[in-house]
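Trainee: Got a sequence here, can you model it:
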Amino acid sequence: MDGVPQPHTGWTFITNHARVLAAIADNQSARIRDIAAHCRLTERAVQKIISDLERGGYLSHTREGRSNTYRIEPEKILRHPAEAGLSVAALLSLLVKDEAHRTRWPPQRE
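Mentor: Residues are numbered from 1 along each chain as shown. Modelled structure (predicted):
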């Protein structure tokens, strides 16, 4: 089936939740389809992750016409005890591309 990302085997350093959050930080109006392609996940997996992040208070969205605009809570503290005191902003500072070197995916919708 076209559009379905190839699965990844083995372990990785970054969780899918962190990947999705970083993708949204790069483009707050990205479509789920684009986030999924960027993160190499299925659209259903991205929908579930976004739901998890919203339930946890890390993310919210506003419906604008047929699209969503997401808002990240940068001061929210990460969940795992090993990251006690680390904020979402600290995590994203490591994951989100430097503004000067950023290439938009997909281009911002007007």
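Trainee: And the longest helix along the chain, what does it pack against?
Mentor: Longest among the helix segments of the chain by residue count, using DSSP state H, is helix 43-55. With contacts taken as 3 or more Cβ pairs under 8 Å, 6 or more residues apart in numbering; DSSP states H and E, helix 43-55 sits against helix 16-26, helix 32-39, strand 59-64. For every residue, glycine as well, the C-beta is placed using N, CA and C.
Trainee: List the buried residues for that helix?
Mentor: 43, 45-46, 49-50, 53 (16 or more other Cβ atoms under 10 Å).
Trainee: List the contacts of that helix.
Mentor: For helix 43-55, contacts defined as Cβ atoms under 8 Å, 6 or more residues apart in numbering pick out 16-17, 20-21, 24, 32-33, 35-36, 39, 41, 59-61, 70.
Trainee: now, among those, which is nearest to Leu86?
Mentor: Leu21 (13.3 Å; Cβ to Cβ).
Trainee: Could you count how many residues lie near that closest one?
Mentor: 24 (other Cβ atoms under 10 Å).
Trainee: can you pull the pLDDT of it?
Mentor: Note on Leu21: pLDDT of 96.
Trainee: now swap in Arg104 and tell me
Mentor: Per-residue pLDDT puts Arg104 at 54.
Trainee: So that it lines up with my notes, have the first residue be 23 from now on.
Mentor: Right, with 23 as the first residue, what we last looked at is Arg126.
Trainee: shaky segments in this structure?
Mentor: Applying pLDDT under 70 to the chain flags residues 23-30, 119-132.
Trainee: Only whichever of the contacts of helix 65-77 are buried, select them in PyMOL.
Mentor: To isolate the buried members of the contacts of helix 65-77 in PyMOL, using 16+ other Cβ under 10 Å:
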select buried, resi 38+39+42+43+46+54+57+58+61+63+81+83+92
